[in-house]
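Novice: got a predicted structure here, sequence first:
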Amino acid sequence: MTYDERLQHVSVLGAAGKMGSGILLLTALEMADVSLKPENKGKPYALNAIDVSNEALAGLMNYLRAQVMKAAEKKMVQLRMVYAERADLIENSEITNAYVNYVLSLVRPVTRLENAYDSFLVFEAIKEDPALKVSIFRKINENNTNQPWFFTNTSSIPIGELDEQAELGGRVVGFHFYNPPAIQKLVELIKSKNTLTEVETFALAFAKNLKKTVVPSHDVAGFIGNGHFMRDLLYGVKLAEGLQPGKSFAESIYMVNKVTQDFLVRPMGIFQLIDYVGLDVCSYILSVMYSNLASENLNCPLLDELIALGVKGGQYSDGSQKDGFLKYEKGKVVAIFDKTSQSYVDIAGVQTGCDASLGALPAGTPLWKNAVRAKDKEALFAPYFQALKSLNTPGASLALDFAMNTKAIGQKLVTDGVAFNENDVNTVLLTGFFHAYGPINNYL
């Protein structure tokens, strides 16, 4: 079966979710490009958007229409060539509408899993639950005579485990998009020892057509991205707990978050990043990693404690941030959760004293929004970290401590056989997490 034939019938599971909607959009656009080739004219193409809620699917279709419209406007030259024989399509708006309507005509929003029984390719973006994934994969596989290929968006579950338990015979690969899939350039590609060569070949071609940066990872729970992030998380919690009882819970969270954002020139502090992903999601990922890497203590009692109090983070359906360690208003941090009172403390009552305790940033500290685009990172960050080392302040000490541990985590991912090399670790953090510099560097 050729690349174009494989895309003739595709299903996306969890299509109305945060990740699934982006995966569906990208797949719909690629399917449209393939099906509009002259040699594929008249051939049937169908994309099942499968989710449990009709209401969510209705919202998905509205999202899809808006995003396809934007995509059409960016590829007008290409679309004019595609529709060159259509005398009725003259204006750009007419061509755009024709293309949008065509893409949407390929998508079938449905709530029944049975629709995947005819697919050649199945993308999965459901809950990060091994048993649930295996159950659904097995059901599709047993009822689909096409020997479908499964592309799972899991960010932590070993692919070999899913393959063996669902009895897929190597027809599964980890194709881990980063959030949001339509914008993020990174895809982690994870093969199991049994993944078929033709499945990997298709995955690489698909990623190339989507203009994604592919980083391979060995099939070890957590892979590179979460393998690094979860250990960063645990160390951030450890540093915050180490500041207590000298500082309150809210103060310690503020201080470590500020250090990991401002002193280390990152887009988010570690606790803001945990909120973004979701405390409950992070806790579940840690549990998956722990069950596969039992020799390492990957538990985080603090996360479980806060989740029990209803502090979960994550995003609302419109993409706005839910409250977690930090409280947000219009995207800005306005308060910090206090574990003792089980309420949020206004940031104004914490910030001044904590900033004084940490000490000032080095003169000329680069702003992340500028640093992330800088071409010569060595020239920017080598002197910055030298300046940081010259400061005898708690903030500088915490920052260097955290940075050294981050570097050690990255190096261990290589020595433990998770990442193929140090460059892959850096690429994941630079591309997937928007860091301004790689964790494995010569600055420290």
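Specialist: On my side now, so go ahead.
Novice: CA atoms for contacts and neighbours, from now on please.
Specialist: Fine.
Novice: how about Gly364: what's its closest non-neighbour residue?
Specialist: Once flanking residues are discounted, Gly364 sits nearest to Tyr384: 7.9 Å by C-alpha to C-alpha, 6 or more residues apart in numbering.
Novice: so which strand or helix has the one you found?
Specialist: Per DSSP states H and E, Tyr384 falls inside helix 377-390.
Novice: that helix packs against which elements?
Specialist: helix 394-415 (3 or more C-alpha pairs under 8 Å, 6 or more residues apart in numbering; DSSP states H and E).
Novice: tell me the buried residues in the helix it packs on?
Specialist: 394-400, 402-407, 409-414 (16 or more other C-alpha atoms under 10 Å).
Novice: next one: stretch 140-150
Specialist: Applying 16+ other C-alpha under 10 Å to stretch 140-150 flags Ile140, Asn141, Asn144, Gln147, Pro148, Trp149, Phe150 as buried.
Novice: filter these down to the ones in strands?
Specialist: Mapping those onto strands (DSSP state E) picks out Trp149, Phe150.
Novice: okay if I get the buried residues of stretch 140-150 as JSON lines plus pLDDT and distance to Phe229?
Specialist: Output for those, formatted as JSON lines (pLDDT from 0 to 100; distance: C-alpha to C-alpha, whole Å):
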{"residue": "Ile140", "pLDDT": "98", "distance to Phe229": "32"}
{"residue": "Asn141", "pLDDT": "98", "distance to Phe229": "33"}
{"residue": "Asn144", "pLDDT": "98", "distance to Phe229": "37"}
{"residue": "Gln147", "pLDDT": "97", "distance to Phe229": "35"}
{"residue": "Pro148", "pLDDT": "98", "distance to Phe229": "32"}
{"residue": "Trp149", "pLDDT": "98", "distance to Phe229": "29"}
{"residue": "Phe150", "pLDDT": "98", "distance to Phe229": "26"}
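Novice: which two in the buried residues of stretch 140-150 are spaced the farthest apart?
Specialist: Asn144 and Phe150 (12.0 Å; C-alpha to C-alpha).
Novice: and the buried residues of stretch 140-150, which is closest to Leu64?
Specialist: Set against Leu64, the nearest of the buried residues of stretch 140-150 by C-alpha to C-alpha is Phe150 (22.8 Å).
Novice: so who does that closest one touch?
Specialist: The neighbours of Phe150, taking C-alpha atoms under 8 Å, 6 or more residues apart in numbering as the test, are Leu121, Val122, Phe123, Glu124, Phe137, Arg171, Val172, Val173.
Novice: what of Ala371?
Specialist: Contacts for Ala371 (C-alpha under 8 Å, 6+ apart) come out as Val265, Lys377, Leu380, Ala436.
Novice: mark which of those residues are buried, thanks.
Specialist: Buried, going by 16+ other C-alpha under 10 Å: Val265, Ala436, out of those.
Novice: which one of the contacts of Ala371 sits closest to Met19?
Specialist: Proximity of the contacts of Ala371 to Met19 (C-alpha to C-alpha) peaks at Ala436, which lies at 24.2 Å.
Novice: any idea how far the closest residue to that closest one other than its chain neighbours lies from Arg266?
Specialist: Spatially, and ignoring its direct neighbours in sequence, Ala436 is nearest to Val372 (4.1 Å; C-alpha to C-alpha, 6+ apart). Val372 sits 9 Å away from Arg266, taking C-alpha to C-alpha, to the nearest Å as the criterion.
Novice: and if you look at Ala56?
Specialist: Separation of Ala56 from Arg266 (C-alpha to C-alpha) stands at 34 Å.
Novice: show me where pLDDT drops low in the stretch 201-350 of the chain?
Specialist: Of all residues in the stretch 201-350 of the chain, none has pLDDT under 70.
Novice: quick one: the strands in it, in order.
Specialist: Here the stretch 201-350 of the chain has its strands, by DSSP state E, counting those that start in this stretch, at 213-217, 326-329, 332-338, 343-346.
Novice: circling back to that earlier point, what residues are up against the residue nearest to Gly364?
Specialist: In this structure, Tyr384 makes contact with Pro362, Gly364, Thr365, judged by C-alpha under 8 Å, 6+ apart.
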